[in-house]
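Trainee: Build me a model from this:
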Amino acid sequence: MGGTESKLGFRRAIVNLTGRTNQTIDTSDDAFWDQFWSGTVNNISDIFALVTAEDIHTLREESPANFMTLIYKAVEKLDSSVIAGPSMSLSEQTIVLNCVRLLTRLIPFVFESEEWRSFFWSKNSSIELEDSLHGEGCGNAPLAQILLKKLSDLLFCPDFTIVAPATVGPDTLEDFSIESIQHIWEKGVGFAYSRKTPPHIDSNRTEILKLLLTCFSETMYFVPTDSSQPNLWLSYFTSNENKHALPLFTSLLNVICAYDPQGYGLPYQHVMFSDHREQLVEVSAQVLMVILDHESASMQNMEEKCTPTNYFTYFLSRIHREEDFQFILSGLIKLLNNPLLQTYLPNSCKKIGFHEELLVVFWKMCDYNKKFLFYVLKTSDVLDVLVPILYYLTESRNDPGKVGLMHVGVFILLLLSGERNFGVRLNKLYLTRVPMDLPIFTGNHADLLILVFHKIITCGHHRLQPLFDCILTIIVNISPYLKQMCMVSASKLMHLLEAFSTPWFLFANHTNYHLVFFLLEIFNNIIQYQFDGNAHLMYSIIRKRHVFHQLSNLPEDPSTVSKPSRKRGEQENEQQLFSNEEWVPTPEWVASWRKKLPLQTIMRLLQVLVPQVEKICIDKNLTDESEIITFLQNGTLVGLLPVPHPILMRKYQPNAATSVWFRRYMWGLVFLRNTAPPIWCETSIKLFEVQKM
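Mentor: The predicted structure is shown next:
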């Protein structure tokens, strides 16, 4: 009953505030302003329910002075609470949380309006209470800097967001320092001590991190062409002005990597007991990926030994101890493989839903810290990362809402494939059977990768076509190191070449022939460097030798080039997918690339092996393909093939287009993950399109 009356009182205060359209409420009227954070509301859901989007729009447009004062007063309350430090009472903690919740509700509506977007960064001396905010160390700082500084301090506040050491008592509270690195939230990188954290502390951390994420979300309100312009919130928070940058970075990283969704491993444990840590881990991953994405070019400055612009990426690049790498890698592997867990009891294991954030964090770690990348590739642990990525790719290939996940997964594999060790590790047998929609096969992890990629290309959503170049590039990178392919994966590779080398496909678009070049390079690499163990692929090449002969004799006459015929049974949507109606191929265009087709090695192989296979089939009356494969396994092409070409590794190279795309994907992911409460749902997002059901 009392709770209902409190909510009604809070709602009346909101109505009273929005109703005073022609009256500016005095900033010194503490009795009025305290109604909004005095403890009448106890959770963020109530704030979102009681303060509607219509209320905020009315307040912003019709009572801008009152809207401005409400934000200033909320920041002022946070400021005074931080100054109180470790002596914050429970009532003061409630006030802080309500201020955090209210600001989380209001700030998106500030970003939504171009006129208001500069509000937090302007030095408006007309606000009387500004002087009270510009306390020690603030100078004449903009409100945004003050807010970020206070939130950073609050994340390391004893008995509020960190567990106060037992040595801190009433007589020593005044001397307690919140700047100490010893207050990292979780054991792991840079911190060797484990503390049991009460649920309310994790909850407080989560609410403050969500406000930080809200502050960083100004990027959502820029159109994609402007999304690369500097985010002042992130620029300040990641600079050397943030004295808590190092403990916060390690806290976020350790909280993520130390999390174990299974707890004690009891069946249905997640049904019987609440998990107060999961929400903190999820928002930590979101905050970390947003911060690590900010000003990625700053890594070049570090390489030139200049002052870093993003200290979080700088700290990430400086991690070097093997025990830290092992902690990070094992933690990420455990979480990435969590959705793949299989048990005899249905739904008996807790399944996490933030694997996309984890993939982004892993990608950023490999991209920014090459020592970590080399550590990942040093052992077979990389395969424990590969399998869940391939699982996510297979499961998401037909879901248009998961195109972003598909891109991230492929980009990670492209980054890994740029290193020799990745291809070498793929030769390990694939024994752990994860349920995937793939043909049954017995082989290694390279076979698994090829089968997944074949499934994506042939049965995936049409919006995945831009990824085909990347997918085949990955196979090209690993092909010189594949010691033994199974018959299933060898047949799938040949199927791709057969499909991509048809005239109607080659002539339908001015870039389609690139895919044929990639596939021919794959075959050449395996023939030149791994012939001995790949009899299955050699057998597939011999069986489909007509495909290579057709490529070598590709027609160039105008009638064939201008009107390529399609084989009977090929689907119309497949034709539309790869074709460009405005594109008109010419014989000169075909001749420009046909003569560059790398067919010499394959044609020489066919010239040598086909007569031998035909002869042995006639002489021994062979009809079983296994006997032919055995013959090929014992054969050799030493001295018969052209001089081996040098191995060419194509590495992932970020560019402006991929940066814009990734930023849209990342903020779209944050948007979708934060719908309870709906932090951004009732505002006009410009970075990406929001379809309202």
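Trainee: residues in contact with L472?
Mentor: 453, 515, 518-519, 522 (CB atoms under 8 Å, 6 or more residues apart in numbering). In short, each C-beta sits where N, CA and C put it, glycine included.
Trainee: now the one helix or strand it maps to, how far from the centre of its chain.
Mentor: Assigned by DSSP states H and E, L472 belongs to helix 468-478. On the basis of CA atoms, centre = their mean, to the nearest Å, helix 468-478 is displaced by 20 Å from the centre of the chain it belongs to.
Trainee: Secondary structure element holding L414?
Mentor: Assigned by DSSP H and E, L414 belongs to helix 403-417.
Trainee: which other helices and strands contact that helix?
Mentor: Helix 403-417 sits against helix 355-368, helix 370-378, helix 381-396, helix 468-478, helix 656-673, with contacts defined as 3 or more CB pairs under 8 Å, 6 or more residues apart in numbering; DSSP states H and E.
Trainee: do you know which of those helices lies nearest K428?
Mentor: Smallest distance to K428 across those (CB to CB): 6.2 Å, for helix 381-396.
Trainee: before we move on, the earlier item: any chance of the helices and strands packed on helix 403-417 in CSV with mean pLDDT as columns?
Mentor: Listed next are those as CSV, based on pLDDT from 0 to 100:
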stretch, mean pLDDT
helix 355-368, 95
helix 370-378, 95
helix 381-396, 96
helix 468-478, 96
helix 656-673, 91
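Trainee: nearest to G9, of the ones you listed?
Mentor: Shortest distance between G9 and these, using CB to CB, is found for helix 656-673: 32.3 Å.
Trainee: just to revisit the earlier point, show which residues not belonging to the very next helix or strand once past the helix holding L472 make contact with it.
Mentor: As assigned by DSSP H and E, the chain's next helix or strand after helix 468-478 is helix 487-500. Helix 487-500 is contacted from outside by 439-441, 443, 446-447, 450-451, 454, 457-458, 475, 485, 505-506, 512, 515-516, 519-520, 522-523, 534, 536-537, 539-541, 543-544, 547, using CB under 8 Å, 6+ apart.
Trainee: same thing but 6 Å
Mentor: 439, 441, 447, 450-451, 454, 515-516, 519, 536-537, 540, 544, 547 (CB atoms under 6 Å, 6 or more residues apart in numbering).
Trainee: Now do it against helix 468-478, angle only.
Mentor: Between helix 487-500 and helix 468-478, the angle comes out at 140 degrees (axes from the mean of the first three to the mean of the last three CA atoms, to 10 degrees).
Trainee: how about helix 487-500: buried residues?
Mentor: 487-497, 499-500 (16 or more other CB atoms under 10 Å).
Trainee: same thing with stretch 626-634?
Mentor: Across stretch 626-634, burial judged by 16+ other CB under 10 Å covers 628, 631-632.
Trainee: Closest to L405 out of the residues you listed?
Mentor: Among the buried residues of stretch 626-634, and counting by CB to CB, the member closest to L405 is L632, at 39.8 Å.
Trainee: Distance-wise, check the residue nearest to that closest one when sequence neighbours are not counted relative to I352.
Mentor: In space, and not counting its chain neighbours, L632 is closest to A535: 4.0 Å by CB to CB, 6 or more residues apart in numbering. The gap separating A535 from I352 is 43 Å, by CB to CB, to the nearest Å.
Trainee: export the helices and strands packed on helix 403-417 to JSON lines and tack on distance to R60?
Mentor: Shown next, in JSON lines, are these (distance: least, CB to CB, whole Å):
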{"stretch": "helix 355-368", "distance to R60": "32"}
{"stretch": "helix 370-378", "distance to R60": "45"}
{"stretch": "helix 381-396", "distance to R60": "39"}
{"stretch": "helix 468-478", "distance to R60": "44"}
{"stretch": "helix 656-673", "distance to R60": "21"}
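Trainee: now for those helices, which one comes closest to L234?
Mentor: Nearest of the helices and strands packed on helix 403-417 (CB to CB): helix 656-673, 11.3 Å.
Trainee: what angle do that closest one and helix 355-368 make?
Mentor: Counting by the same axes, to 10 degrees, helix 656-673 lies at 150 degrees to helix 355-368.
Trainee: how far does the longest helix along the chain sit from the chain's center?
Mentor: Longest helix in the chain, counting residues (DSSP state H): helix 90-112. Put simply, helix 90-112 sits 28 Å off its chain's centre (CA atoms, centre = their mean).
Trainee: Mind giving me the packing neighbours of that helix?
Mentor: On a contact count with 3 or more CB pairs under 6 Å, 6 or more residues apart in numbering; DSSP states H and E, helix 90-112 meets helix 44-50, helix 64-84, helix 199-216.
Trainee: what's the distance between whichever helix or strand comes after the first one and the middle of its chain?
Mentor: I take that to be helix 44-50. For helix 44-50, the succeeding helix or strand toward the C-terminus, using DSSP H and E, is helix 53-62. On the basis of CA atoms, centre = their mean, helix 53-62 sits 35 Å off its chain's mean C-alpha point.
Trainee: what packs against helix 53-62?
Mentor: Packing partners of helix 53-62 (3+ CB pairs under 6 Å, 6+ apart): helix 2-19.
Trainee: okay, the helix or strand just after the helix it packs on in PDB with CA atoms only?
Mentor: Next helix or strand after helix 2-19 toward the C-terminus (DSSP H and E): helix 30-33. The C-alpha trace of helix 30-33 is given here as PDB (Å, rounded to 0.1, in the frame of the first residue of the first chain):
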ATOM      1  CA  ASP A  30      14.900  21.600  -2.700                       C
ATOM      2  CA  ALA A  31      11.600  20.400  -1.300                       C
ATOM      3  CA  PHE A  32      10.200  20.300  -4.800                       C
ATOM      4  CA  TRP A  33      13.200  18.800  -6.600                       C
END
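Trainee: which of the residues in helix 30-33 are buried?
Mentor: W33.
Trainee: can you give me the mean pLDDT across it?
Mentor: Over the span of helix 30-33, the pLDDT mean works out to 88.
Trainee: just stretch 199-212 next, same as before
Mentor: Here the average pLDDT along stretch 199-212 is 96.
Trainee: Flag every buried residue along that stretch.
Mentor: For stretch 199-212, the buried set under the neighbour-count rule, 16+ other CB under 10 Å, comprises 201-212.
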